[in-house]
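1. sharing a sequence plus its predicted fold:
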Amino acid sequence: MGARRSYSDRYAERVVQQVIHSDSANVARHQGLSEDIVWSMVEDMGAKKSLST
């Protein structure tokens, strides 16, 4: 079992959309997050999307 997330799915989806249109470094800086957290959001949302299809 993984570590507990501290963000909602809706917030993660918004961050992922920003990464699609920009890059992870800029998104992380604008959101006040580390790049590692941004990429974990991308991975989490990717896993959720692949499970739902």
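-> Here it is on my side, so go on. Residues are numbered from 1 along each chain as shown.
2. output the contacting helices and strands for whichever helix in the chain runs longest.
-> Assignment by DSSP state H gives helix 35-52 as the longest helix of the chain. On a contact count with 3 or more CB pairs under 8 Å, 6 or more residues apart in numbering; DSSP states H and E, helix 35-52 meets helix 9-21, helix 24-31. All C-beta atoms are positioned from the backbone trio N, CA, C, and that covers glycine.
3. could you dump those helices to TSV with mean pLDDT and mean neighbour count?
-> Formatted as TSV, these follow (pLDDT from 0 to 100; neighbours: other CB atoms under 10 Å):
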stretch	mean pLDDT	mean neighbour count
helix 9-21	96	15
helix 24-31	97	16
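4. out of the ones you listed, nearest to residue 38?
-> helix 24-31 (4.8 Å; CB to CB).
5. pull the CA atoms of that closest one into CSV?
-> Extracted as CSV, the C-alpha positions of helix 24-31 are listed here (Å, rounded to 0.1, in the frame of the first residue of the first chain):
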residue,chain,number,x,y,z
SER,A,24,6.9,20.0,-15.1
ALA,A,25,9.5,22.5,-13.8
ASN,A,26,7.2,25.5,-14.5
VAL,A,27,4.1,23.8,-13.2
ALA,A,28,5.9,22.8,-10.0
ARG,A,29,7.2,26.4,-9.5
HIS,A,30,3.7,28.0,-10.1
GLN,A,31,1.9,25.5,-7.9
